[in-house]
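[1] one predicted model, sequence on top.
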Amino acid sequence: MNKQTLYIILLLCLFSTEIIHSQEKKKIEIEYAGRLTIDEENYPGAKVLTRDESQQVHIMQGSINMWSDKAIYYSGENFIEAYGNVKLIQADTIHMTSKYVEYSGITQLAFASGDVVFKDPNSTITSDTLYYDRVKQQAFYKNGGTVVIDTSGTITSKIGRNYMQQKKYQFVDDVVLVNKDATINSNYFDFYSDTGHAYIFGPSTIVTAKSNTYTEKGFYDTKNKNGYAVKNSKIHYNDRIIEGDSLYFDDTIKFASATNNIKITDTINHSIAKGHYAEVFKAQDSLFITKRALVATKQENDSIYMHADKIMVTGKPENRIVRAYYNAKIYKSDLSGKADSIHSNQKTGLTQLINLSRLSSTDVFSTKRRPILWNVENQMTGDTIHLISNPKTEKLDSLLVFNNAFIISKDTISKTGFNQIFGIKLTGLFNDENQLRKVDIVKNAESVFYTRNDKQELIGIDKAKSGSISIVFADGDIEEYTRYNQVDGNLYPESKYPEKEKRLKGFDWREDERPLSVEDLFKDDEPLVLPTIKGLDDYIPQDTFFDEELLERIKLAGQNHQRILTEALLREIITKEDPKNYFQVIINAKVKKNDNFQLFYTNDISKNFSETQSLIKIVIGQEEFQNIEFQIPNKEYPTNLRIDVGSNKDQNQLKIDSILLRYGGYEIFIPEHLIQKYFKYNDYIDLNNYTYNLHTINKNYDPFFTCTEDLITLLKKLKK
């Protein structure tokens, strides 16, 4: 041990001793008692105080006042036990009621049990058992409790701790907060009553009227009704599920946003949006997403993908509209396209590809970039392109190209020639395989075709002008075409066809821009650097309530006060039930799988248990703690017990929160941390941090607990 550590320990001991000595001067004083008796046999060294008809026993120490029906006062240890309708008040700031209280004037630590209600200026705690440390101004329960915190809500948990000076609460295990605006479930929950801020850790949910959020690390402002989540998080917003590295939501304006690695699932329209920043406005039923934004919508057995700098989805599910703008692209296994802006109405089935004039080049010699579509081997451009699909079947129906319609397909034989059609307007029809089957180009139609015979031998290059052209395709190739109101036209041998005439005016072959996969939609994007999310600090487990300083105080306070940590509680039954005239064993345990528990008992200290003196309880497996109750019949009183904890070899684990042994109007309460003192387990059970691991030995399985000598002694006291 180094000198610094030794110095710190000495300081701690000196500090603790100084506290003890200063507190020893403050003796507990008896203000009133109806009757005082001495009972050395049962209460050696103590005065027994009882109330009379006029008032209760009243004791005090400093700012503490306590009233009860009965009190056992150990003046030598400055220690008191109070029974029956106990009320403790500290300087009009702390009000506590219960059925039983142990209090040391030296440690200034109180232990209360039986319908405990603890009130401070910020909250009200109710629990079966509770510890109150006046020195640290902390209240603590570890066997289940409920806390009501002003307007912030009601919180239940297995373990709870109130740091009164910091207005802070820490809750552990099965934590549930309920108020008029939200319900929060969590494993670890820190709450600040002055701000209404809640910090949640472990698998947790926040359910409001507007949203349902899952996270394993998050924050919620109970006053302003907003929060954020930063680990394995999801927000359910009506028909949308929002996921991302960081999620924010504000129920007052029905808004949510997400940052980094976002995924938003539309469960009604079967679409998924991805990106790295998104905003969802629930009231407007709208979604805005950017930073490598992508929306994928399932159609039949395929999906259509839309990518742009920014994508906005608006409207109710039955009338949803998708707008993608700035460098927008679409991809489907049989269709792809590109435009400055893409507008899709899922109700009408109309998708529009539009280019913005402000993005066009001002160079008169440059080629104007127009919206473009690729279908099989065909490239189509125009000032505006409309795709029309059947909203019910989701099949492509038709195609419209307005102004400067241009279709190009590469000649499949020569690989250097291009079939071309140009006109003012284009109308196309798709077949059942979503391939262009027929195209009509009207007004000022021009064409260049590579004409071949049945053997695919080139006959010549056909160039013509006409009023309109009707073309029939088969697998992307021109099967037949018909010109109407032809102005001129010639069929030239390839050798005599002028090279400069092989391409119509406005020819712009853009195959290198064609997306051939979903990944290709992003190939023109600038590199993206995601912001670093600071988020929340990791969960810091609370310091133990019974730390070294408190244990030192208890040690110096005497044997009586150590009892609350080291002995089971023999007390009057604290439930509201009428006393039973038979013996009860109540095990509060978490048993996850269906099983059978069996209780054996004898009427002597013999360990020869038999089936004739046993009870079987069927246990239905569940994730929550449940009471497993046995009632020994015919007013028999056991002097020894054995608890068989199941016959299901797949059970694996068992957690026991407490064991109650009841008889008449009294009970023995054995909390989790004292079970090993009063029950010993056999070789089929291993203990790991209050979790009992159950296993087989040579394929045999028989896990059980039996009484220790300490419990056998307590059973004798309970009978008396």
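    In hand now; what should we look at?

[2] most distant residue from the centre of the chain?
    When distances are taken from the C-alpha mean of the chain, Lys496 lies farthest, 74.0 Å away, according to C-alpha atoms, centre = their mean.

[3] with Gly315 as the reference, measure out to it.
    58 Å (C-beta to C-beta, to the nearest Å). Every C-beta, even on glycine, is put in place using the N, C-alpha and C of the backbone.

[4] and Asp397, how many neighbours?
    By the criterion of other C-beta atoms under 10 Å, Asp397 has 15 neighbours.

[5] looks to me like it is in a helix.
    No. Assigned with DSSP: H, G, I helix; E, B strand; the rest coil, Asp397 falls outside any helix and is strand.

[6] who's in contact with it?
    Counting by C-beta atoms under 8 Å, 6 or more residues apart in numbering, Asp397 touches Gly349, Ile388, Ser389, Asn390, Leu429, Phe430.

[7] same question for Asn122.
    Counting by C-beta under 8 Å, 6+ apart, Asn122 touches Ile149, Asp150, Met164, Lys167, Ser193, Asp194.

[8] if we use 7 Å, what do you get?
    Counting by C-beta atoms under 7 Å, 6 or more residues apart in numbering, Asn122 touches Ile149, Asp150, Lys167, Ser193.

[9] so it is in which element?
    Asn122 is located outside every helix and strand, with elements delineated by DSSP states H and E.

[10] roughly how far does Lys223 sit from Ile149?
    The value you get for Lys223 to Ile149, if C-beta to C-beta is used, is 11 Å.

[11] buried stuff in stretch 662-672?
    Neighbour-count burial for stretch 662-672 flags Arg662, Tyr663, Tyr666, Glu667, Ile668, Phe669, Ile670, Pro671, Glu672 (criterion: 16 or more other C-beta atoms under 10 Å).

[12] between Lys223 and Ile149, which one's more packed in?
    Set Lys223 next to Ile149 and count neighbours by other C-beta under 10 Å: Ile149 wins out with 22 against 12.

[13] what sits against that one?
    Neighbouring residues of Ile149 by C-beta under 7 Å, 6+ apart: Asn122, Ser123, Ile155, Phe191, Ser193.

[14] what's the spacing between the helix or strand where Ser113 lies and its chain's center?
    Assigned by DSSP H and E, Ser113 belongs to strand 109-119. Remark: strand 109-119 is offset 33 Å from the chain centroid, using C-alpha atoms, centre = their mean, to the nearest Å.

[15] against which helices or strands is that strand packed?
    Here strand 109-119 touches strand 94-104, strand 124-133, going by 3 or more C-beta pairs under 7 Å, 6 or more residues apart in numbering; DSSP states H and E.

[16] give me the distance from stretch 98-115 to the chain's centre.
    38 Å.

[17] strands paired with the strand holding Ser113, and their directions?
    strand 94-104 (antiparallel), strand 124-133 (antiparallel) (DSSP bridges).

[18] export it to CSV, keeping only CA atoms.
    Extracted in CSV, the C-alpha atoms of strand 109-119 (Å, rounded to 0.1, in the frame of the first residue of the first chain):
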residue,chain,number,x,y,z
LEU,A,109,-29.4,6.4,9.4
ALA,A,110,-33.0,5.4,9.4
PHE,A,111,-34.4,2.1,8.0
ALA,A,112,-38.2,1.9,7.4
SER,A,113,-40.4,-0.9,6.3
GLY,A,114,-44.1,-1.5,5.8
ASP,A,115,-46.1,0.9,3.6
VAL,A,116,-43.3,3.4,3.6
VAL,A,117,-44.2,6.9,2.3
PHE,A,118,-41.2,9.3,2.2
LYS,A,119,-41.9,12.9,1.2
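
[19] buried ones in stretch 438-449?
    By neighbour count on 16+ other C-beta under 10 Å, the buried set for stretch 438-449 is Val439, Asp440, Ile441, Val442, Ala445, Glu446, Ser447, Val448, Phe449.

[20] could you do stretch 699-709 as well?
    For stretch 699-709, the neighbour count (16+ other C-beta under 10 Å) marks Tyr701, Pro703, Phe704, Phe705, Thr706, Cys707 as buried.

[21] what residue is smack in the middle of this protein?
    Tyr214 (2.4 Å).

[22] check what pLDDT that residue gets.
    At Tyr214, the pLDDT value in this model is 92.

[23] okay, now the unreliable bits of the stretch 301-450 of the chain?
    357-368 (pLDDT under 70).

[24] 80 instead?
    301-302, 317-318, 356-369, 391-395, 412, 414-415, 434 (pLDDT under 80).

[25] just the strands in it please.
    302-314, 321-332, 335-345, 350-354, 372-375, 378-381, 384-389, 396-410, 418-430, 436-452 (DSSP state E, counting those that start in this stretch).

[26] all strands for the stretch 451-600 of the chain, in order.
    458-474, 477-492, 569-572, 580-590, 595-602.

[27] next, format those strands as JSON lines and append distance to Asn187.
    Shown next, in JSON lines, are the strands of the stretch 451-600 of the chain (distance: least, C-beta to C-beta, whole Å):
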{"stretch": "strand 458-474", "distance to Asn187": "62"}
{"stretch": "strand 477-492", "distance to Asn187": "64"}
{"stretch": "strand 569-572", "distance to Asn187": "28"}
{"stretch": "strand 580-590", "distance to Asn187": "14"}
{"stretch": "strand 595-602", "distance to Asn187": "25"}
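
[28] highest mean neighbour count out of these?
    Most buried of these by mean neighbour count (mean count of other C-beta atoms under 10 Å) is strand 595-602; its value is a mean of 20.

[29] what sits up against that one?
    Contacts of strand 595-602 (C-beta under 7 Å, 6+ apart): 585, 609, 613-619, 621, 628, 630, 632, 638-648, 651.
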